[in-house]
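A.B. asks: Pasting a predicted model and its sequence here:
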Amino acid sequence: MDCLPNNSDNKTLKSLSSDRRLDSMDLKSNHTALVLADPAPLNRVSSGLLPYSGATFSQNLFLTVPTMKAGILDIRASNCLDSMESSSPPDKKSRDFNNDLESTDTDVAYRAWLLKYPSALASFDQITNPAKGKRIALFLDYDGTLSPIVDNPDCAFMSNDMRAAVKNVAEFFPTAIISGRSRDKVYEFVWLTELNYAGSHGMDIMGPVRQSFDDHSNCIRSTDNQGKEVNLFQPASEFLPMIDEVFNSLVNNTKDIRGAKVENNKFCVSVHYRNVDEKDWTVVAQRVHDVIRNYPCLRLTHGRKVLEVRPVINWDKGKAVTFLLESLGLSNCEDVLPIYVGDDQTDEDAFKVLREGNCGYGILVSSVPKESNAFFSLKDPQEVMEFLKSLVVWKKTSTL
Ligand SMILES: O=P(O)(O)OC[C@H]1O[C@H](O[C@H]2O[C@H](CO)[C@@H](O)[C@H](O)[C@H]2O)[C@H](O)[C@@H](O)[C@@H]1O
């Protein structure tokens, strides 16, 4: 069934939910597990979507929702649990408990992995040589990239040193933050006016005014914190009432699970299980499924000890990068080298766009080996900061 709401009336979306309940009786279909799989949970994606082409694309933004097989919710929750475990590699604290032998194995595995994803610091020339004569455009994820992962998402502050490094780099290169958090929240953490911001995994982009976007159905004129006129692009605006409703249900459904935390990120909702006892992860997964089973227009993806509930639209951090490049007048690959730095599963969409377009580099921030679409790697936010500083030094000393 296509998930194609044609106006902002939440009832339309709810009635699609009831249709979907009929579909759930279709025992022949076999796509349900895909709803939960990350990163490509959908069975049909609108192709060739170029939002900045000037065409109205509201309809094309919506993806086909797989039909649901009756009575397999438990299987779905257990699939989800596998993903929860695999997308949550042990943190340094717990790895330090491992014995020496295991640590050595981990180091050997990491060094082997570095052959495939070389350090962006050690390979700095390889990154900057192709940038000669071009402008570098920088895209930065927030959590785990600019700020270290901490237990309480409300306390994921970036250091003053990191803020200074981002401010400096933005003086030389157009820079944008693309975060899963709401745009307002990430701005409160970063607090730098010289950047562009995209929140809700790219579903809320504030960029410079572009006349060519004026007819765009999801683009409106607004003002930023300093009263400057800007373009706001919000391709999931029709989902706002639904997301609020789901947020409230998720808060309600998980309030008895010790350590669970639900975060409203405006166009998506995060359900955190970092502080939940591992034996209760399955309960978290089940409760989330209990809620979203009523919303076929929503899907689930996995982040770092977090389940992300988001609209089923053909939009992600990769699309946001393309959109921002266009908005900033930087879409010509001949003149521009985009670099995207991120640590999470949702950043893979952006790495993929750069890799497939052969027009820039993804840099994965990870201290453990992971398969990625990135070209390079950095170990942690500290190394990200060193990389940003190196870019500034390179630019200042570069004669080209
Ligand atoms: O795209 P990002 O900027 O990386 O945002 C992704 C999610 O990041 C946050 O959660 C993660 O960081 C928290 C603070 O370190 C940590 O406690 C949590 O376990 C991580 O998943 C944020 O809270 C989420 O809303 C974002 O979606």
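C.D. replies: Thanks, I have the structure now.
A.B. asks: Buried residues of the strand or helix carrying V283, list them for me.
C.D. replies: Per DSSP states H and E: V283 is located in helix 281-292. Neighbour counts over helix 281-292 (16 or more other C-beta atoms under 10 Å) mark W281, V283, V284, A285, Q286, R287, V288, H289, V291, I292 as buried. Every residue, glycine included, has its C-beta placed from N, CA and C.
A.B. asks: now check it, is it near the ligand?
C.D. replies: No. Judged by C-beta under 6 Å from any ligand atom, helix 281-292 and the ligand are separated, with a smallest distance of 12.5 Å.
A.B. asks: tell me what that helix is packed against?
C.D. replies: Contact analysis of helix 281-292 by 3 or more C-beta pairs under 8 Å, 6 or more residues apart in numbering; DSSP states H and E lists helix 73-86, helix 240-254, strand 298-303, strand 306-311 as its packing neighbours.
A.B. asks: CSV for those, including mean pLDDT and distance to V209?
C.D. replies: Shown next, in CSV, are the helices and strands packed on helix 281-292 (pLDDT from 0 to 100; distance: least, C-beta to C-beta, whole Å):
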stretch, mean pLDDT, distance to V209
helix 73-86, 64, 40
helix 240-254, 98, 23
strand 298-303, 95, 32
strand 306-311, 98, 26
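A.B. asks: So which bits of the chain are right by the ligand?
C.D. replies: Counting by C-beta under 6 Å from any ligand atom, the chain sits next to the ligand at 141-144, 149-151, 153, 156, 179-181, 263, 265, 270, 272, 274, 303-306, 308, 344, 346.
A.B. asks: so Y361 makes contact with Y340?
C.D. replies: Yes. Using C-beta atoms under 8 Å, Y361 is in contact with Y340, at 7.5 Å.
A.B. asks: which neighbours do those two share?
C.D. replies: Overlap of the contact sets of Y361 and Y340 (by C-beta atoms under 8 Å, 6 or more residues apart in numbering) consists of L354.
A.B. asks: Neighbour count for those two, which is higher?
C.D. replies: Taking other C-beta atoms under 10 Å, Y361 and Y340 do not tie; Y340 has more neighbours (28 against 22).
A.B. asks: Buried ones in the host helix or strand of I136, by neighbour count?
C.D. replies: Using DSSP H and E, I136 falls within strand 135-140. Applying a neighbour-count criterion of 16+ other C-beta under 10 Å, one finds I136, A137, L138, F139, L140 buried in strand 135-140.
A.B. asks: and the fourth one, what is it in contact with?
C.D. replies: It stands for F139. If you count contacts by C-beta under 8 Å, 6+ apart, F139 has them with T175, A176, I177, I178, V321, L324, P338, I339, Y340, V341, G342, A350.
A.B. asks: Now E229: phi and psi?
C.D. replies: E229 adopts backbone torsions of phi -70, psi 130, taken as degrees, to the nearest 10.
A.B. asks: Please name the residues that touch the residue lying closest to F239 once chain neighbours are set aside.
C.D. replies: Excluding its sequence neighbours, the residue lying closest to F239 (C-beta to C-beta, 6 or more residues apart in numbering) is P311, at 4.4 Å. Taking C-beta under 8 Å, 6+ apart, we find P311 in contact with M203, A236, F239, M242, I243, F267, C268, C297, L298, R299.
A.B. asks: mind listing the helices for the stretch 51-200 of the chain?
C.D. replies: With helices called from DSSP state H, counting those that start in this stretch, the stretch 51-200 of the chain shows them at 73-86, 92-95, 100-116, 124-128, 160-172, 183-190.
A.B. asks: Out of those helices, which one sits most buried?
C.D. replies: Most buried of the helices of the stretch 51-200 of the chain, by mean neighbour count (mean count of other C-beta atoms under 10 Å): helix 183-190, with a mean of 19.
A.B. asks: re earlier: can you redo the helices and strands packed on helix 281-292 as a markdown table with distance to N218?
C.D. replies: What follows is the helices and strands packed on helix 281-292, written out as a markdown table (distance: least, C-beta to C-beta, whole Å):
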| stretch | distance to N218 |
| --- | --- |
| helix 73-86 | 30 |
| helix 240-254 | 12 |
| strand 298-303 | 18 |
| strand 306-311 | 12 |
